[in-house]
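In: Here you go, sequence then predicted model.
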Amino acid sequence: MKSIQNLITAAVFSLVSMTNTFAQSAAAPKPYGAIPTKHQLEWQDMEYYMFIHFGPNTFTDKEWGHGDEDPKVFNPTKLDARQWARTAKAAGMKAIIITAKHHDGFCLFPSKYSTHTVRESAWKNGKGDVLKELSAACKEYGLKFGVYLSPWDRNHPKYGTPEYNDIFAKTLKEVHTQYGPIFEQWFDGAKGQGEKKQDYDFPLFNSIVYAHNPQAIIFSDIGPGARWMGNENGIAGETNWSTLNTDGFGVGADAPKASVLNTGDEDGKYWIPAEVDVSIRPGWFYSASTDDKVKTLEQLVSIYNTSVGRNSNLLLNVPVNRDGLIHPNDSTRLMELRRYLDASFKTNLAKGKKVTTSTEAGKGYSAQNLTDGNPKTYWTTGGKVKNATITIDLGKPTELNRIVLREYIQLGQRVRSFMVQYWDGKNYKLLDEQTTIGHKRILAFPAITSSKIKITITEPKAAPVLSEIGIYKAPPLP
């Protein structure tokens with residue numbers, strides 16, 4: 001008799017488990033709209049990495065070289081790529097992208113397809129290779145390696161002829177077969193005004209990249225992996241969709257308007273998230289005249305909040321000086337930023353606290369997933385339920401000045417607008433009203449003291465799917 005009862009109990013337990021599993025899978029929302037690829041998700045999680053502009057312009061105090069510079073001017077006698085990588089790693093950055101070839105045509109590697117390279121320079125008697133040294137340093141310090149190659153070439157004699165696109169494609173192949181793996185290929189569409197006309201064959205260029213580094217994110221005005229966000233000031237749109245309509249558009253002069261790139265297209269056809277490129281100095285290349293003009297900590301914190309904090313990745317340019325080193329003023333400021341960010345986001349005041357929502361999809365998608373510190377779990381309303389409120393009870397009056405929200409973007413970007421309120425002891429008061437969330441949204445505000453925070457999804461495009469909510473107290477800026 002006992003064995004029969006055990007069998008019945010086991011059968012009931014199995015049926016309940018199956019029912020729960022079915023309910024969980026049935027409640028899981030389907031992807032909404034365009035969604036990121038696996039490689040785009042990995043890229044978005046990187047959030048913050050270094051740009052290095054380096055070349056003859058470093059030695060001539062120019063931003064755009066004319067291509068007629070004597071290559072022997074390039075002679076960084078103390079060049080130490082390991083110092084660059086150490087600095088990036090210590091700053092909390094995840095990668096380095098370098099200008100392997102800028103508009104002047106000078107290659108930081110001994111290309112077979114140019115006579116304007118490190119091979120013709122005075123550096124190491126023409127035996128040096130910056131890309132080789134930097135890619136090795138990145139591997140040593142656990143950083144990813146990326147390259148900028150400008151299609152515009154003010155030096156190459158074939159530029160402006162039908163043969164040039166094939167020459168540039170071969171140059172790309174050199175880089176992508178000798179220095180990989182490459183996590184990002186950075187393109188721009190600059191051509192100059194009144195100079196030789198060249199129609200760039202970006203489908204060919206992209207195919208070369210994907211043939212040898214299929215995981216690479218290709219950056220340009222219109223992607224396809226990531227897009228420029230319309231300015232070089234470090235400010236993504238307060239509304240920032242990761243989707244964009246690019247059919248009929250091109251790179252450079254044929255790109256969508258800067259205002260569109262800044263905000264993306266709601267319901268855009270393609271997932272092309274934004275990358276914010278900005279320099280730590282007034283210019284992109286090093287100049288001794290800007291040693292005392294490195295951006296302040298306050299400026300860099302603001303840039304972080306309006307880039308990473310607005311659903312973008314931050315590519316911060318740190319130019320190498322004429323010795324071939326990152327200047328102490330730049331590295332000092334990077335370390336200050338690292339310490340400030342670490343202190344700001346070290347303790348999630350919401351972690352483990354009681355979270356209640358107006359609705360949830362059921363087992364596996366509970367409100368507690370929002371504060372478990374695991375971005376792979378999420379809360380959702382499920383089904384046709386869209387509008388919802390989330391209340392985090394901090395248990396006692398708590399001082400705070402940052403709120404961080406994350407959508408589970410594997411299922412698309414769904415929130416059109418939301419509102420945040422705080423409990424003042426008697427009533428809920430408005431703290432902020434914003435639009436998109438995406439990969440990460442950081443709300444920064446003067447410190448308040450409250451025991452409860454309420455978030456209302458006011459305009460969802462589909463059942464909202466949030467992975468994390470964090471509440472923090474960032475230290476005051478010096």
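Out: Now that the structure is in, tell me what you want to look at.

In: hey, where'd the strands end up in the stretch 201-350 of the chain?
Out: Here the stretch 201-350 of the chain has its strands, by DSSP state E, counting those that start in this stretch, at 217-220, 226-228, 243-244, 270-271, 274-279, 312-317.

In: tell me what the fourth one is packed against?
Out: Packing partners of strand 270-271 (3 or more C-beta pairs under 8 Å, 6 or more residues apart in numbering; DSSP states H and E): strand 243-244. (C-beta placed from N, C-alpha, C; glycine too.)

In: Likewise for the second one?
Out: Using 3+ C-beta pairs under 8 Å, 6+ apart as the contact definition, the elements that strand 226-228 packs against are strand 217-220, strand 274-279.

In: just to revisit the earlier point, quick one: closest of the strands of the stretch 201-350 of the chain to Val420.
Out: strand 312-317 (20.6 Å; C-beta to C-beta).

In: That closest one pairs with which strands?
Out: Here strand 312-317 is paired, per DSSP bridges, with strand 48-52 (parallel), strand 274-279 (parallel).

In: Could you check how far the first one is from the centre of its chain?
Out: Right, the one you point to is strand 48-52. Here the centre of strand 48-52 is set off from its chain's centre by 10 Å, with C-alpha atoms, centre = their mean, to the nearest Å.

In: re earlier: could the strands of the stretch 201-350 of the chain go into JSON lines alongside mean pLDDT?
Out: Formatted as JSON lines, the strands of the stretch 201-350 of the chain follow (pLDDT from 0 to 100):
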{"stretch": "strand 217-220", "mean pLDDT": "98"}
{"stretch": "strand 226-228", "mean pLDDT": "98"}
{"stretch": "strand 243-244", "mean pLDDT": "98"}
{"stretch": "strand 270-271", "mean pLDDT": "98"}
{"stretch": "strand 274-279", "mean pLDDT": "98"}
{"stretch": "strand 312-317", "mean pLDDT": "98"}
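
In: mind putting those strands in a markdown table, mean neighbour count and distance to Glu163 included?
Out: Shown next, in a markdown table, are these (neighbours: other C-beta atoms under 10 Å; distance: least, C-beta to C-beta, whole Å):
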| stretch | mean neighbour count | distance to Glu163 |
| --- | --- | --- |
| strand 217-220 | 24 | 23 |
| strand 226-228 | 25 | 28 |
| strand 243-244 | 23 | 32 |
| strand 270-271 | 20 | 32 |
| strand 274-279 | 24 | 31 |
| strand 312-317 | 26 | 32 |
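
In: would you turn the strands paired with strand 312-317 into CSV with distance to Ile222?
Out: Putting those into CSV (distance: least, C-beta to C-beta, whole Å) gives the following:
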stretch, distance to Ile222
strand 48-52, 20
strand 274-279, 12
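
In: for those, which one sits closest to Pro476?
Out: With C-beta to C-beta as the criterion, Pro476 lies closest to strand 48-52 of the strands paired with strand 312-317, at 22.2 Å.

In: Show residues contacting the closest one.
Out: Strand 48-52 is contacted from outside by 84, 87-88, 91-99, 143-144, 146, 148, 277, 279, 304, 308, 313-320, using C-beta atoms under 8 Å, 6 or more residues apart in numbering.

In: Over to stretch 171-187?
Out: Counting by C-beta under 8 Å, 6+ apart, 43, 46, 95, 97, 100-101, 107, 109, 111-114, 131-132, 135, 144-151, 202, 205, 208-209, 211-213, 215-220, 225-226, 251 sit against stretch 171-187.

In: Pull out the buried residues from those residues.
Out: 43, 46, 95, 97, 100-101, 107, 109, 111, 113-114, 131-132, 135, 144-151, 202, 205, 208-209, 212-213, 215-220, 225-226, 251 (16 or more other C-beta atoms under 10 Å).

In: Among these, which lie within helices?
Out: Mapping those onto helices (DSSP state H) picks out Trp43, Met46, Leu131, Lys132, Ser135, Phe202, Phe205, Ile208, Val209, His212.

In: what two of those have the greatest distance between them?
Out: Lys132 and Phe202 (26.8 Å).

In: what domains does the record give for this protein?
Out: 38-344, 354-472 (automatic domain parsing).

In: State the mean pLDDT of the shortest one.
Out: On average, the pLDDT along domain 354-472 is 95.

In: Show the end-to-end separation of it, please.
Out: 16 Å (C-alpha to C-alpha, to the nearest Å).

In: residue contacts, Ile469?
Out: Ala350, Val355, Leu370, Thr371, Ile390, Ile392, Ile403, Val404, Leu405, Arg406, Ile455.

In: What is the nearest of these to Thr37?
Out: Arg406 (18.5 Å).

In: That closest one in helix, strand or coil?
Out: Put simply, Arg406 is strand when judged by DSSP: H, G, I helix; E, B strand; the rest coil.

In: distance between stretch 438-446 and the chain's centre?
Out: 15 Å.

In: do stretch 461-469 as well
Out: For stretch 461-469, the distance to the chain centre is 20 Å (C-alpha atoms, centre = their mean).

In: same deal with stretch 141-159?
Out: 20 Å.

In: model confidence over that stretch, on average?
Out: On average, stretch 141-159 scores 97.

In: gap between the two ends of it?
Out: 37 Å.

In: how about the helices in the stretch 151-300 of the chain?
Out: Using DSSP state H, counting those that start in this stretch, the helices of the stretch 151-300 of the chain run over 164-178, 202-212, 258-263, 297-305.

In: Touching the shortest one from outside, list them.
Out: When you say that, I think you mean helix 258-263. 221, 227-231, 235-237, 239-241, 244, 255, 274.

In: Nearest to Pro446, out of those residues: which one, please.
Out: Nearest member of these to Pro446, counting by C-beta to C-beta, is Ile235, at 20.2 Å.

In: what's around the closest one, how many residues?
Out: 19 (other C-beta atoms under 10 Å).

In: mind listing what it touches?
Out: Contacts of Ile235 by C-beta under 8 Å, 6+ apart are Asn262, Val276, Ile303, Thr306, Ser307.

In: can you tell me which two in these are farthest apart?
Out: Pairwise distances among these were taken by C-beta to C-beta; the largest, 14.6 Å, belongs to Asn262 and Ile303.

In: quick one: the spatially closest residue to Lys170 that is not a sequence neighbour from Thr296, how far?
Out: For Lys170, ignoring the flanking residues on the chain, the nearest one in space by C-beta to C-beta, 6 or more residues apart in numbering is Tyr113 at 5.4 Å. Relative to Thr296, Tyr113 is positioned 42 Å away (criterion: C-beta to C-beta, to the nearest Å).

In: ditto for Ala253
Out: Applying C-beta to C-beta to Ala253 and Thr296 gives a distance of 34 Å.

In: more neighbours, these two?
Out: When neighbours are counted by other C-beta under 10 Å, Ala253 and Thr296 differ, and Thr296 comes out ahead with 13 against 9.

In: Rounded mean pLDDT for stretch 322-338, please.
Out: Mean predicted lDDT for stretch 322-338 stands at 98.
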